[in-house]
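Visitor: I would like the atomic coordinates for the input below:
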Amino acid sequence: MADMAPQASTGRLMLIGYILLFLATVGLDQTTKFHAQQQYMTWSHETDLRSYRGDHHRVMTLGISPSYANDKGIERSKVTNNWLDFHLTYVRNPGAAWGSFANAPEKVRLWLFYAITVLVSGMIIYLFRSAHPGQRLQRTALVFVLAGAAGNFIDRVLLKYVIDWLHFHWKIFGWEYSFPVFNWADVAINVGIGLMIVDSILHEIALRKRVRSEAPQTDQVTSP
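Guide: A predicted model of the protein is given here:
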């Protein structure tokens, strides 16, 4: 019984840590979205949510991209074969990832997203509660995914769309791609998924080591 008290105390501290991580991730997501709206939204229609204009701010450019050349007055002939642009901007995404379902009827689209978010969040909470307290990496991953889903869910409830503000555009070895604009909630979800994959790999490695260590050892027969 004496050993159970420290374990219970550690468990409570870990739970508080997970809650703080969740709140910090959601708070950072909402704060950065508000900043993007204040800094980079230049015009918005009073009633039509799809009518707006957003500006952008260049954070960095590796190489010389066409947009960098235009901004700096550099000759287009100076554009390099490989370049990477990173901007902060303001985009309204009424759909899901990559703008999917953005053109669906609003009532259908919103309630579909509400239902999916509630269902997925319930599943994540169930997996979190079912995980062993020692599975800290898995629980941390689930917290990140839940926080990301909550951040975008808040947008959909309050605004009817999700604010995206991080944008990468690159050309590498002839492949030019403008990555869909995303936000911190999306980053949290992907970090969580990445941690889940790492946790699964580590679990599989540990399991195989245990199987090898528990396998019966056969005595080697030596010839006289």
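Visitor: quick one: low-confidence parts of the chain?
Guide: 1-6, 97-104, 217-224 (pLDDT under 70).
Visitor: most centrally placed residue in it?
Guide: Val187 (2.4 Å; C-alpha atoms, centre = their mean).
Visitor: from what I can see Asp55 touches Trp43, true?
Guide: No - assessed by C-beta atoms under 8 Å, Asp55 is found out of contact with Trp43, at 9.7 Å. No exception for glycine: its C-beta is placed from N, CA and C like everyone else's.
Visitor: Compare these two (neighbour count), which wins?
Guide: Asp55 (13 against 9; other C-beta atoms under 10 Å).
Visitor: what about that one, distance to Gln37?
Guide: 11 Å (C-beta to C-beta, to the nearest Å).
Visitor: Overlap in contacts, those two.
Guide: Tyr90 (C-beta atoms under 8 Å, 6 or more residues apart in numbering).
Visitor: count of neighbours near Arg129?
Guide: 9.
Visitor: roughly how far apart are it and Ala149?
Guide: Taking C-beta to C-beta, one finds Arg129 at 17 Å from Ala149.
Visitor: try Gly11
Guide: 25 Å.
Visitor: of those two, who's got more company?
Guide: Ala149 (21 against 11).
Visitor: List the buried residues for the helix or strand encompassing the more buried one?
Guide: Following DSSP states H and E, one finds Ala149 within helix 136-159. Using 16 or more other C-beta atoms under 10 Å as the test for burial, helix 136-159 gives 137-156.
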